[in-house]
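Asks: Whatever this is, show me its structure:
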Amino acid sequence: MDLSSLIRDVPDFPKQGILFKDITTLWKDPQGLKQSTDELAKRYMNKGITKIVAAESRGFIVGSPLAYLIGAGFVPVRKPGKLPSKVISESYELEYGTDTLTIHEDAITKGDKILIVDDLIATGGTLHAIIKLVETLGGSIEEICVLVELFFLNAREKLNKPIFSLIEF
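Replies: A predicted model of the protein is given here:
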């Protein structure tokens, strides 16, 4: 199945001039959800990944089942005030504003082999913040994995990490 055909374009969201790639239409399709998750699990099975790190909320949808399937732990990265224990934080630029992410101070142990997972990579701001958080805690980033990459925005140049994308636009 061509997974890209299950992704809906939404013009002018969240603001004028942005063409939003809506992945919820892929996730609502049982075969699309299964195929995309299975393809990612096949790539990372037996690679020694100890933890998957993903940001709320759509990264959780991809990262949690993937962590389960490959036998890794799952580490949530959240907005400020959402995690109950001591956190570190990182602010970053979005393509349409700024934001901050937090992670528990004890979420990653030095030497953990980390797979960073998100639904989509556009400009790379969110993933850049997650990289900084993971590296601050001593994790070794093995790869960044996304369902969709907006290749024309050149995020790879900013991140300087290996990136795997299942679907490219």
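Asks: What is the burial count for the closest residue to Ser85 other than its chain neighbours?
Replies: Residue nearest to Ser85 in three dimensions, not counting chain neighbours: His104, with 5.3 Å by CB to CB, 6 or more residues apart in numbering. Bear in mind the C-beta positions are built from the backbone N, C-alpha and C, glycine included. Neighbours of His104 under the rule other CB atoms under 10 Å: 18.
Asks: show me the contacts for His104.
Replies: Contacts for His104 (CB atoms under 8 Å, 6 or more residues apart in numbering) come out as 75, 83, 85-87.
Asks: And Ile52, by the same measure?
Replies: Neighbours of Ile52 in contact, by CB under 8 Å, 6+ apart: 63-64, 66-67, 70, 72-75, 114-117.
Asks: Mind putting the contacts of His104 into TSV with neighbour count?
Replies: As requested, the contacts of His104 are exported to TSV (neighbours: other CB atoms under 10 Å):
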residue	neighbour count
Val75	24
Leu83	17
Ser85	8
Lys86	9
Val87	19
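Asks: for these, which one is nearest Phe151?
Replies: Nearest to Phe151 among the contacts of His104 is Val75, at 27.2 Å by CB to CB.
Asks: Could you pull up phi and psi at the closest one?
Replies: The phi and psi values for Val75, taken as degrees, to the nearest 10, are phi -120, psi 120.
Asks: what does Arg156 give?
Replies: phi -60, psi -40.
Asks: quick one: it and Ile163 touch, right?
Replies: Yes. Between Arg156 and Ile163 there is a contact under CB atoms under 8 Å: 5.7 Å.
Asks: I'd like the distance between Phe20 and Ile130.
Replies: Distance of Phe20 to Ile130, computed by CB to CB, to the nearest Å: 21 Å.
Asks: Can you give me the pLDDT of the residue positioned nearest the centre of the chain?
Replies: Of all residues in the chain, the one closest to the mean position by CA atoms, centre = their mean is Asp118, 1.5 Å from it. At Asp118, the predicted lDDT confidence score is 98.
Asks: so who does the residue lying closest to it once chain neighbours are set aside touch?
Replies: Among residues not flanking Asp118 along the chain, Gly59 sits closest, at 4.4 Å (CB to CB, 6+ apart). The contact partners of Gly59, by CB under 8 Å, 6+ apart, come to 77, 117-119.
Asks: what's the offset of the lengthiest helix in the chain from the middle of its chain?
Replies: As assigned by DSSP state H, the longest helix anywhere in the chain is helix 30-44. Offset of helix 30-44 from its chain centre (CA atoms, centre = their mean, to the nearest Å): 15 Å.
Asks: same check, this time on stretch 135-147
Replies: 10 Å.
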